[in-house]
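1. I would like the atomic coordinates for the input below:
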Amino acid sequence: MIGEYEDYDALGLAELVKKKEVSALELLDTAIERSEKYNPELNAVVHTMYDEARETASEEINLEAPFAGVPFLVKDLIADVAGEPTTSSCKILAGIVEDTDSELVSRFKKSGLVLFGKTNTPEFGIMGITESKFRGAAYNPWDLTKSTGGSSGGSGAAVAARIVPMAHGGDGGGSIRIPSSHCGLVGLLPSRGRNPMGPKIGEGWGGLAREHVLTRTVRDSAAMLDCLAGEDAGPPYTAPNNKKSSFLEACEKSDKPLTIAFTREALYASSIHSDNVEAVDDAVALLQGLGHTVVEDKPVFDRHAYSKSYLQIVCGWIAWEIEQTAVKAGKEIKFEDYELTSWIMGLVGQKSSALDLTNAIHACHQAARMMGAFHKKYDLFLSATTAQPPATIGTLYPHGSDAFAMQVLRRIPFKGLLSKALDSLAEDALSATPNTQLFNQTGQPAISLPLNRNKEGLPIGVQFAAEYGNECTLYRIAAELERAQPWINLKPSLISKTSD
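-> Numbers count the residues shown, from 1 in each chain. Model prediction:
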């Protein structure tokens with residue numbers, strides 16, 4: 001089975017199980033075999049649940065479930081699996097197990113998936129790279145010297161290497177879309193409130209964070225959203241249910257041309273790599289060839305102010321997460337238990353005022369109003385997913401003068417200095433990945449598609465954003481582009497060299 005396994009998407013594997021051409025246990029054994037083969041180089045899977053998974057796969061599988069018997073990996077952040085740890089790559093949580101499944105995990109299981117491990121993530125999901133001190137770096141199967149992006153970098157590497165056809169991810173500032181771009185995958189940020197985050201929290205990062213999956217095909221992403229979408233008990237808000245059909249059915253629709261705005265520029269940075277500009281230009285040409293109206297235009301806003309408001313909210317939540325992890329571990333809060341970047345962001349959040357946070361929330365609401373008006377004119381907004389190709393491992397992790405400055409702030413945590421640090425972060429911290437955060441702030445859905453590769457063969461994604469609640473139009477255009485320029489058979493060098 002191992003030779004054929006990598007050619008199927010999740011729905012394709014489930015169909016084989018339903019036809020009884022293969023068993024769930026055979027699929028699981030193949031996934032585990034591939035993980036054992038590739039993970040030593042990738043460091044994508046950081047916790048295994050093989051015995052529990054084999055027990056599940058050996059039981060009678062619900063053949064009515066959309067993803068019956070399909071092996072699956074859960075990101076080691078936010079989503080809890082009963083009896084297993086959720087460390088957020090924070091070392092003080094190692095070995096502390098959860099007492100219940102999160103609602104999202106319950107829905108994964110109801111969809112027929114067989115969970116057998118958890119994937120690598122940076123501490124608390126910050127920085128847009130997956131290189132924590134506790135877990136180590138996740139390596140990109142397209143080039144093992146390159147970053148997977150983050151924070152769902154372990155999931156991105158695992159799906160790209162065909163260990164699983166799809167894996168769980170979370171996105172608080174691009175954390176599904178960035179690794180999807182770097183690893184050549186499909187990555188959807190759902191609308192705020194579309195998928196459940198209960199029962200332990202009402203929202204992540206003040207509504208910036210949302211959870212979904214990274215996939216190799218558009219239809220897998222859409223079918224999984226059909227399985228996950230809908231409110232759970234007591235949510236603070238829910239996304240509008242304005243779809244006329246299922247998300248999967250939306251992939252088959254192409255009833256009218258769309259009007260699409262695009263930009264070659266970075267949203268929260270001053271520059272963008274030529275490879276990423278080329279990816280946008282190629283997407284524009286492809287869209288025009290399919291009959292869509294494509295116009296160069298973008299919303300006008302204060303880049304620094306919006307970037308700062310995003311970081312202000314994240315810092316507040318990191319301060320809260322540091323406090324909560326210490327309580328959960330039964331320990332006092334100490335610098336030695338956290339990474340330097342997490343600690344400094346926590347200090348910024350701790351020293352900020354209620355007024356600082358209110359101003360940041362207000363800026364996000366202004367951004368949502370701005371984009372709401374923008375989408376009165378345009379169905380979709382196209383940009384590069386990131387501003388640079390996948391970076392070399394280690395280059396984006398704070399070092400040199402940046403690390404020294406943070407050490408100074410740690411020892412002299414005056415509010416004035418921390419406010420200046422936040423201003424500095426807003427200016428350049430998002431320079432490699434500046435195009436994703438806006439849609440976390442506005443609540444809109446956005447999707448990264450693997451339409452391009454640069455001269456080195458590295459994936460370069462493009463991103464489409466739609467109005468709040470309108471994932472159906474994103475899936476429609478994504479599926480249309482996938483049919484016009486298929487990507488499923490493109491394989492990273494790691495597995496093309498070693499495929500059986």
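2. next one: the helix or strand Leu11 falls within to chain centre, how far?
-> Here Leu11 is covered by helix 10-18, with elements defined by DSSP states H and E. How far helix 10-18 lies from its chain's middle: 24 Å, per C-alpha atoms, centre = their mean, to the nearest Å.
3. can you map out the strands along the stretch 51-200 of the chain?
-> Secondary structure of the stretch 51-200 of the chain by DSSP state E, counting those that start in this stretch: the strands cover 71-75, 114-119, 131-132, 136-137, 139-140, 143-147, 166-171, 186-189.
4. out of these, deepest packed?
-> Per-residue neighbour counts averaged over each of those give the maximum for strand 186-189, namely a mean of 32 (mean count of other C-beta atoms under 10 Å). Placement of C-beta: from N, CA and C, glycine included.
5. residues making contact with it?
-> Applying C-beta atoms under 8 Å, 6 or more residues apart in numbering, the external contacts of strand 186-189 come out as 152, 169, 171, 174, 176-177, 179-181, 210, 212-218, 220-221, 225, 436, 439-440, 444-450, 461, 471, 474, 478.
6. In a markdown table, list the strands of the stretch 51-200 of the chain along with mean pLDDT and distance to Ile412.
-> Conversion of the strands of the stretch 51-200 of the chain to a markdown table gives the following (pLDDT from 0 to 100; distance: least, C-beta to C-beta, whole Å):
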| stretch | mean pLDDT | distance to Ile412 |
| --- | --- | --- |
| strand 71-75 | 98 | 35 |
| strand 114-119 | 98 | 37 |
| strand 131-132 | 98 | 26 |
| strand 136-137 | 98 | 31 |
| strand 139-140 | 98 | 37 |
| strand 143-147 | 98 | 32 |
| strand 166-171 | 98 | 33 |
| strand 186-189 | 98 | 37 |
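7. Dump the ones you listed to JSON lines, plus distance to Ala403.
-> Rendered in JSON lines, the data for the strands of the stretch 51-200 of the chain read as follows (distance: least, C-beta to C-beta, whole Å):
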{"stretch": "strand 71-75", "distance to Ala403": "27"}
{"stretch": "strand 114-119", "distance to Ala403": "27"}
{"stretch": "strand 131-132", "distance to Ala403": "13"}
{"stretch": "strand 136-137", "distance to Ala403": "17"}
{"stretch": "strand 139-140", "distance to Ala403": "22"}
{"stretch": "strand 143-147", "distance to Ala403": "18"}
{"stretch": "strand 166-171", "distance to Ala403": "26"}
{"stretch": "strand 186-189", "distance to Ala403": "30"}
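8. Please identify which of these is closest to Gly204.
-> Distance to Gly204, taken as C-beta to C-beta, is lowest for strand 166-171 among the strands of the stretch 51-200 of the chain, at 7.1 Å.
9. Please put the alpha-carbon coordinates of that closest one into PDB.
-> Listed in PDB are the C-alpha atoms of strand 166-171, where the atom choice follows Å, rounded to 0.1, in the frame of the first residue of the first chain:
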ATOM      1  CA  MET A 166      -4.100  16.400   5.700                       C
ATOM      2  CA  ALA A 167      -3.400  17.600   9.300                       C
ATOM      3  CA  HIS A 168      -4.700  20.000  11.800                       C
ATOM      4  CA  GLY A 169      -3.500  23.600  12.000                       C
ATOM      5  CA  GLY A 170      -4.300  26.800  13.800                       C
ATOM      6  CA  ASP A 171      -3.900  30.400  12.400                       C
END
